[in-house]
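> Fold the following.
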Amino acid sequence: MTCADARPFLGAHVDNELDLRTSVDIAVHVRSCGACTARVAELRALHEAAKSHLARFAPSAAVEARLRGAVRPPRRSRWAALAGGATAMAVAAVIALFVIVRPPDRVRDEVVAAHARSMLADHATDVASSDQHTVKPWFQGKLDFGVPVTNPADAGFPLVGGRLDLVDGRQVAALVYRRRNHLINAFVWPQPSESAPVEHSERGFAILSWARGGLAWWLVSDAAPADLRELASLLGDAH
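Prediction:
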């Protein structure tokens, strides 16, 4: 894929509006193209600015009451049931004009896309090693934070390696573990606030996320959710 091919679709790629195959192709191109990487960064910055500064509000109870009063028929008739249904529909339609639907969790979408991209592009690792003493120093100098690397092979989760990836506009570490025939991507990046483990499911993938010790962790795989919970406990940060 060339810049001319990718450029018209960069906005849709940032907004997760493309099919998975096209998104993977564009992501692979962006990784190797400085100009498109810069353009993606600009689009993400614009997205964040819009999300931060555009006004959003939900209607108050008083607004809803006034709307109901404005569309309520003056008296009931034999068509009261029908009128009541129409009133409810009218109120719902007007209220919908004021309600801003919560956008999807972009981070969740991006870690799933990054996991799928690594599988389809046959690029699970940048450094392929089961030795944490090889993988951990490989990240040094490439990221602005320390990456904790363990190899719980004895528990059935051998370390495969690691790579750099892009999530939410920043470079993150991706540690890759194997569970029988399944690969598990463990994405890691700094996050000062802590959060308890939360399970998700998207596009057929199991997801487990939490934050502790100054780091956010996101596990993604087509393995069973129980496997992700077990790996999280072995990594020592989920509990």
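
> Outline the domain layout of this protein.
In the domain annotation for the chain, the residue ranges read 3-53, 61-96, 106-235 (automatic domain parsing).

> Give me the pLDDT value at P104.
In the prediction, the pLDDT value recorded for P104 is 46.

> err, C33, not the other one
Per-residue confidence at C33 stands at 88 (pLDDT).

> re earlier: packed most tightly, which of the domains of the chain would that be?
domain 106-235 (a mean of 18; mean count of other CB atoms under 10 Å). The way it works is simple: take the backbone N, C-alpha and C, and place the C-beta from them, glycine included.

> Quick one: distance of that domain to the chain centre.
Taking the mean of its C-alpha atoms, domain 106-235 sits 13 Å from the chain's own mean (CA atoms, centre = their mean, to the nearest Å).

> Following the chain onward from the worst-scoring helix or strand of the chain on mean pLDDT, which element is next?
Per-element confidence for the chain was summarised using mean pLDDT, DSSP states H and E. The lowest value among helices and strands belongs to helix 80-96, with a mean of 52. Where DSSP states H and E defines the elements, the next helix or strand beyond helix 80-96 is helix 106-120.

> Who are the packing partners of the helix or strand just after that following helix?
Sequence order places strand 127-128 as the next helix or strand after helix 106-120, per DSSP H and E. Where contact means 3 or more CB pairs under 8 Å, 6 or more residues apart in numbering; DSSP states H and E, strand 127-128 is packed against helix 132-139, strand 159-167.

> contact partners of strand 127-128?
T134, V135, W138, V160, G161, G162, R163 (CB atoms under 8 Å, 6 or more residues apart in numbering).

> give me that answer again for 7 Å
Surrounding strand 127-128, the residues in contact under the criterion CB atoms under 7 Å, 6 or more residues apart in numbering are T134, V135, W138, V160, G161, G162.

> Among the residues you listed, which pair sits farthest apart?
Maximum pairwise distance in those, criterion CB to CB, is 13.1 Å, between W138 and V160.

> the inter-axis angle of the longest helix belonging to the chain versus strand 159-167?
In the chain, ranked by residue count with DSSP state H as the criterion, the top helix is helix 34-53. Between helix 34-53 and strand 159-167, the angle formed by their directions is 70 degrees, by axes from the mean of the first three to the mean of the last three CA atoms, to 10 degrees.

> if I look at the most centrally placed residue in the chain, how far off is N181?
Per CA atoms, centre = their mean, the C-alpha nearest to the average position across the chain is that of R108, at 1.9 Å. To N181, R108 is 24 Å away according to CB to CB, to the nearest Å.
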